[in-house]
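> Turn this into a structure:
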Amino acid sequence: MHGIPVAVKDQMNIAGVPNTGGSRYFVGLIADSDATIVANLKRSGAVVLGTLSSSEFSMGGTTEYLFGTPKNPWDLERTPGDSSCGAGSSVAAGLCSGAVGEDTGGSIRVPASMCGITGLKPTWSRTSRHGVYTLCWAMDCVGPMARSAEDCAIMLRYLAGYDPKDPTSSREAVPDYTRLLDGELHGIRVGVVGEMTDESYDSETRKAVDDAVGVLSELGATVERVSIPLMKSALGVRSALVDPEAASYHRERLLARYGDYDYNTRLRLLVGALLPAGMYTLAMRAKAAIGKQVLEAFTRFDVLVGATSEAGAAKLTSGTGVNSKEDALEKLYGRPGITIFSMSGSPAVSIPCGFDSQGMPLGFHIAGRIFDEGTVLKIAHAYQKTTSWHLKLPPVS
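Residues are numbered from 1 along each chain as shown. Next up is the predicted model:
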């Protein structure tokens, strides 16, 4: 990656550079060493430009962004998605060739979808989290964001691997992912997840996904529909997992400087602090049950596919806090969808598959078996060799 300009989410340490986590709390804090993934990028020859805007501590729903509200380069009045928002918009706008985001329930894949780029969440434990602020220890995952699956494959080779500084990182061998991008899909079994293509998704999104599935079929893949019933329960489970873990991580800081947290962030942290331990235990069991359903589906299919998001990027709204249950569902938690692959630990990528009638990009989601990023990237690359959605550039670029 010699000479390739990249940047990382404002959640990851770069020696001598501020790492604020998108929060007023850490203004003025300068990292004294590199996160492992940053050190890996530097060793690969990449030029690390700096950090990119993030929702506060990656929680989503931020009302007042520390460095100004991030905007979607396809339409500056629309959101680029949460919470790796700066990474998605910067790659799409051509400000860097690649970026590193962090994904706990969709925070790489949703901005990738909204901004019309490729974003990969690797298998949980595939990449080191040393030097990266925690949101949810059980699901946090660092991964590449770039214009194409091929670029993500190049980046992942240098991001992935065991790190003694992160005891959760895997010793699983890291292949040269680019050698797996042969475009051959004959014999590949594709499961189209009904819950990721049903009536809750915008009609334009459903059509774009159907067309993308058709391309895979034309390339030789076998396509069949599949259901993951527990997907509908994933939203509540995610909240009961992520918010208590985040509250535990931030407890001392929240007590010391409560007012330095964004309104919606501290609301979520307070809710997380109030949830009983029994609910967290039940959520962990539910996470295992959801993950089991996902992994069982992979006994029949090589990949599971569907829409990344319900629709294209929405209009930006003025910074308002949560005042009702409906506000919370819309601004903080969204819909379950792709978060199930964070619960199962599976690798998953979002790639561009078209545009809606407003000119906003739409994302096609491909998830694979544990540690089989190679097949996920192979299918994404084969699709991109046949189509040109990932080559489209927004006006501001």
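
> residue closest to the middle of this structure?
Ile108 (2.1 Å; Cα atoms, centre = their mean).

> got the phi/psi numbers for it?
The phi and psi values for Ile108, taken as degrees, to the nearest 10, are phi -100, psi -50.

> Repeat that for the one 4 residues further on.
When read as degrees, to the nearest 10, the backbone of Ala112 gives phi -60, psi -40.

> burial count for it?
38 (other Cβ atoms under 10 Å). All C-beta atoms are positioned from the backbone trio N, CA, C, and that covers glycine.

> which one is it nearest to, not counting chain neighbours?
Using Cβ to Cβ, 6 or more residues apart in numbering and skipping residues adjacent in sequence, the residue nearest Ala112 is Gly119, 2.8 Å away.

> so after the lengthiest helix in the chain, what's the next helix or strand?
Counting residues, the longest helix found in the chain (DSSP state H) is helix 234-256. Where DSSP states H and E defines the elements, the next helix or strand beyond helix 234-256 is helix 263-274.

> could you list every residue that touches Tyr383?
Ala149, Ala212, Val215, Leu216, Leu219, Ile351, Cys353, Phe364 (Cβ atoms under 8 Å, 6 or more residues apart in numbering).

> and the gap between the nearest residue to Val376 once chain neighbours are set aside and Ser233?
Once flanking residues are discounted, Val376 sits nearest to Gly368: 4.0 Å by Cβ to Cβ, 6+ apart. Counting by Cβ to Cβ, to the nearest Å, the gap from Gly368 to Ser233 is 23 Å.

> of these two, who's got more company?
Gly368 (24 against 14).

> shouldn't the more buried one be in contact with Ser344?
No: with contact defined as Cβ atoms under 8 Å, Gly368 does not count as touching Ser344 (10.6 Å).

> Tell me what the residue nearest to Ala112 is bridged to.
Taking DSSP bridges as the rule, Gly119 bridges to Met145, Ser350.

> Quick one: neighbours of it, just the number.
For Gly119, using other Cβ under 10 Å, the count is 33.

> just Lys207 next, same as before
Using other Cβ under 10 Å: Lys207 sits among 15 other residues.

> what helix or strand does it sit in?
Here Lys207 is assigned to helix 203-218, by DSSP H and E.

> Following the chain onward from that helix, which element is next?
strand 222-226.

> how about the helices in the protein?
36-43, 85-93, 109-115, 149-159, 203-218, 234-256, 263-274, 277-297, 325-328, 340-344, 373-386.

> nearest to Arg126, of the ones you listed?
Closest of these to Arg126 is helix 373-386, at 7.1 Å (criterion: Cβ to Cβ).

> Pull out the buried positions in that closest one.
Glu373, Gly374, Thr375, Val376, Leu377, Lys378, Ile379, Ala380, His381, Ala382, Tyr383, Gln384 (16 or more other Cβ atoms under 10 Å).

> Next: stretch 263-282.
Tyr263, Asn264, Thr265, Arg266, Leu267, Arg268, Leu269, Val271, Gly272, Ala273, Leu275, Tyr280.

> any idea how far Leu135 is from the fourth one?
Right, the one you point to is Arg266. Arg266 is 15 Å from Leu135, by Cβ to Cβ.

> Is there a neighbour count for Ala256? I'd like the number.
For Ala256, the count of nearby residues is 9 (other Cβ under 10 Å).

> measure it to Ser54 for me?
For Ala256 relative to Ser54 (Cβ to Cβ), the value is 22 Å.

> likewise Leu391?
27 Å.

> The two: which has the busier surroundings?
Ser54 (33 against 11).

> separation between the more buried one and Ser33?
Taking Cβ to Cβ, one finds Ser54 at 20 Å from Ser33.

> Let me see the contact set for the residue nearest to Val376.
So Gly368 contacts Phe298, Asp302, Val303, Leu304, Ser346, Pro347, Ala348, Thr375, Val376 (Cβ under 8 Å, 6+ apart).

> Let's see that with 7 Å instead.
Asp302, Val303, Ser346, Pro347, Thr375, Val376 (Cβ atoms under 7 Å, 6 or more residues apart in numbering).

> if we look at the sheet, which residues does it bridge to?
Under the criterion used (DSSP bridges), Gly368 bridges to Val303.

> Which of the residues in the helix or strand bottoming out on mean pLDDT in the chain are classified as buried?
Within the chain, no helix or strand scores below helix 325-328, which has a mean of 74 by mean pLDDT, DSSP states H and E. Buried positions in helix 325-328, judged by neighbour count with 16+ other Cβ under 10 Å: Ala328.
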